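1. my questions are about this predicted structure, shown below with the sequence.
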Amino acid sequence: MNVVIESIKYRRSIRQFKPNMIEQDKIDQIVEAGLYAPSGRNQQATKIIIVKNKKLRDKLSATVAKIKGKPSDFDPFYGAPVVLIVLADQDFFTGIYDGALVMGNMMLAAHSLGLGSCWVHYAKEEFEMPEYKQILQSLGIGDNWVGIAHCVLGYIDGSVPQPLPRHENRVYSVD
């Protein structure tokens with residue numbers, strides 16, 4: 001089977017990570033894969049923030065847990081030591097879709113490098129908050145960026161779930 005198709009079929013969302021930090025070259029490769037995602041009119045209207053700082057990572061996690069209505073000890077990042085935040089230009093008509101493609105590329109790249117990943121929502125709500133808008137400003141990112149998602153990354157702690165059968169009646173053909 002083609003290696004790309006095999007990766008697509010067997011990549012799974014991981015919800016238990018080892019605390020070990022990922023090597024920078026692997027993070028760079030994953031981010032680069034995200035930067036090569038297709039984008040509307042090739043505008044590349046997305047940004048990626050790499051978070052390895054444990055204090056900020058834990059603050060992001062606590063905020064997402066609060067938004068989700070979870071207890072304060074719940075970690076929606078499942079122990080992952082690295083969080084890649086994808087943002088999209090809210091004024092560009094395909095920004096949200098472009099951000100989703102960035103996420104998909106990064107998750108496949110992580111899988112290809114033997115790492116686990118999981119898409120964690122609530123970046124939109126998070127980066128609407130003044131304290132997170134200040135983080136964007138401190139990085140030189142303007143106000144017109146909307147959070148798409150968090151791509152949490154790490155070494156898998158446990159076994160990788162097997163793919164479930166695909167639902168039927170999802171493909172139609174017009175010849």
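-> That came through fine.
2. by mean pLDDT, which helix or strand of the chain comes out lowest?
-> helix 3-10 (a mean of 94; mean pLDDT, DSSP states H and E).
3. which secondary structure elements does it sit against?
-> helix 95-112 (3 or more Cβ pairs under 8 Å, 6 or more residues apart in numbering; DSSP states H and E). All C-beta atoms are positioned from the backbone trio N, CA, C, and that covers glycine.
4. tell me which residues of the helix or strand just after the helix it packs on come out buried.
-> The helix or strand immediately downstream of helix 95-112 is strand 116-120, counting by DSSP states H and E. For strand 116-120, a neighbour-count test (16 or more other Cβ atoms under 10 Å) marks Gly116, Ser117, Cys118, Trp119, Val120 as buried.
5. now do strand 116-120: everything it contacts.
-> Applying Cβ atoms under 8 Å, 6 or more residues apart in numbering, the external contacts of strand 116-120 come out as 11-15, 17, 64, 76-78, 80, 103, 106-107, 110-111, 149-156, 160.
6. tell me the buried residues within these.
-> Buried among the contacts of strand 116-120 by 16+ other Cβ under 10 Å: 11-12, 14-15, 17, 64, 76-78, 80, 103, 106-107, 110-111, 149-156.
7. from what I see, Pro38 and Val102 are in contact.
-> No: Pro38 is beyond contact range of Val102, at 9.4 Å (criterion: Cβ atoms under 8 Å).
8. looking at these two, which is more packed in?
-> Between Pro38 and Val102, Val102 has the larger neighbour count (other Cβ atoms under 10 Å), namely 29 against 13.
9. my read: the more buried one touches Ile48, true?
-> Yes: using Cβ under 8 Å, Val102 makes contact with Ile48 at a distance of 6.9 Å.
10. overlap in contacts, those two.
-> Gly34, Leu35, Val86.
11. okay but the second one is in contact with Gln44, surely?
-> Looking back up the chat, that one is Leu35. Yes: proximity of Leu35 to Gln44 meets the contact threshold set by Cβ under 8 Å, at 7.4 Å.
12. what number of residues lie near the nearest residue to Met129 once chain neighbours are set aside?
-> In space, and not counting its chain neighbours, Met129 is closest to Thr63: 7.4 Å by Cβ to Cβ, 6 or more residues apart in numbering. Neighbour count of Thr63, defined by other Cβ under 10 Å: 19.
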